[in-house]
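J.: please work out how this folds:
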Amino acid sequence: MKIKFLTLAVICLFSSVTLFAQFKVGVKAGADIHKLDGQSFKDKFSFGYHLGGFAEIGLGKKFAVQPEVYFSQTNIDTSSSFSDIYQFDSLSKVKLKYLNIPLLLNFKANNFITLQAGPQFSILMDPDNTLVENGHNAFKTGDFSMLGGLQFNISKLRIYGRYTVGLNNINDLDNQEKWKNQKIQVGVGLAL
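T.: All right, here's what the predicted structure looks like:
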């Protein structure tokens, strides 16, 4: 009986040490290059930023799961036709502030390069900045996206680039046109 208990305790201790060795947390920050597709928006990219944290949970030597939570803000320019159609009282810029929650699958090609892909759910944090005269929000409060990218690992430093494409229509006013987010992210992270 004591041998079974001792064996079980050793296995649990070894498993927790192994799991802890494959578990990392960190912080990240960077720049967003954002485009909102739709006729009502100028056909150009806008700049923003993001700031947050991540965890990396190892699943063997090559794979890991990387959940993240980060805040992002982007200013979107609207065209004159947007103001006419949706009555945005001479509003030329709309600020989109999101809390983003991606869940990435990491594939470590080698010790230096990691490929990343996965879904992302975003929550619009400040819908008051997108109100129109009739009291409706212009943008839906949730956005679902897919993202893919590349990360360079230099000791505890992470340098990454990603592309995110929105899968759903975030236009909350009507069904006249579809608005979808697109984003290029570049940034740095530090594993603690």
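J.: average pLDDT for stretch 53-70, rounded please.
T.: For stretch 53-70, mean pLDDT is 95.
J.: neighbouring contacts of that stretch?
T.: Applying CB atoms under 8 Å, 6 or more residues apart in numbering, the external contacts of stretch 53-70 come out as 21-28, 50-52, 99-108, 114, 116, 118, 189, 191. In short, each C-beta sits where N, CA and C put it, glycine included.
J.: of these, select the buried ones using a PyMOL command.
T.: Command for PyMOL, covering only those of the contacts of stretch 53-70 found buried under the criterion 16 or more other CB atoms under 10 Å:
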select buried, resi 24+26+28+50+52+100+102+104+106+108+114+116+118+189+191
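J.: what about the contacts of stretch 53-70, which are in strands?
T.: Among the contacts of stretch 53-70, the members falling in strands (DSSP state E) are 23-28, 50-52, 99-108, 114, 116, 118, 189, 191.
J.: any regions of the protein where pLDDT drops low?
T.: 1-21, 37-44, 76-94, 126-138, 170-175 (pLDDT under 70).
J.: where do the strands of it begin and end?
T.: Using DSSP E, strands in the chain cover 23-37, 46-58, 63-77, 93-108, 113-124, 142-154, 157-166, 180-191.
J.: now the third one: buried residues?
T.: Spelled out, that is strand 63-77. 64, 66, 68, 70, 72-74, 76.
J.: same check on the second one?
T.: Applying a neighbour-count criterion of 16+ other CB under 10 Å, one finds 46, 48, 50, 52, 54, 56, 58 buried in strand 46-58.
J.: how about the last one?
T.: If you call a residue buried by 16+ other CB under 10 Å, then strand 180-191 has these buried ones: 180-181, 183, 185, 187, 189, 191.
J.: restricting to C-alpha, output it in PDB.
T.: Extracted as PDB, the C-alpha positions of strand 180-191 are listed here (Å, rounded to 0.1, in the frame of the first residue of the first chain):
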ATOM      1  CA  LYS A 180     -15.300  43.200 -41.700                       C
ATOM      2  CA  ASN A 181     -12.100  43.800 -39.700                       C
ATOM      3  CA  GLN A 182      -8.700  43.000 -41.200                       C
ATOM      4  CA  LYS A 183      -5.500  43.600 -39.200                       C
ATOM      5  CA  ILE A 184      -1.800  43.200 -39.400                       C
ATOM      6  CA  GLN A 185       0.000  43.000 -36.100                       C
ATOM      7  CA  VAL A 186       3.700  43.400 -35.300                       C
ATOM      8  CA  GLY A 187       5.000  43.400 -31.700                       C
ATOM      9  CA  VAL A 188       7.200  42.100 -29.000                       C
ATOM     10  CA  GLY A 189       6.500  39.900 -26.000                       C
ATOM     11  CA  LEU A 190       8.500  39.000 -23.000                       C
ATOM     12  CA  ALA A 191       8.100  35.600 -21.300                       C
END
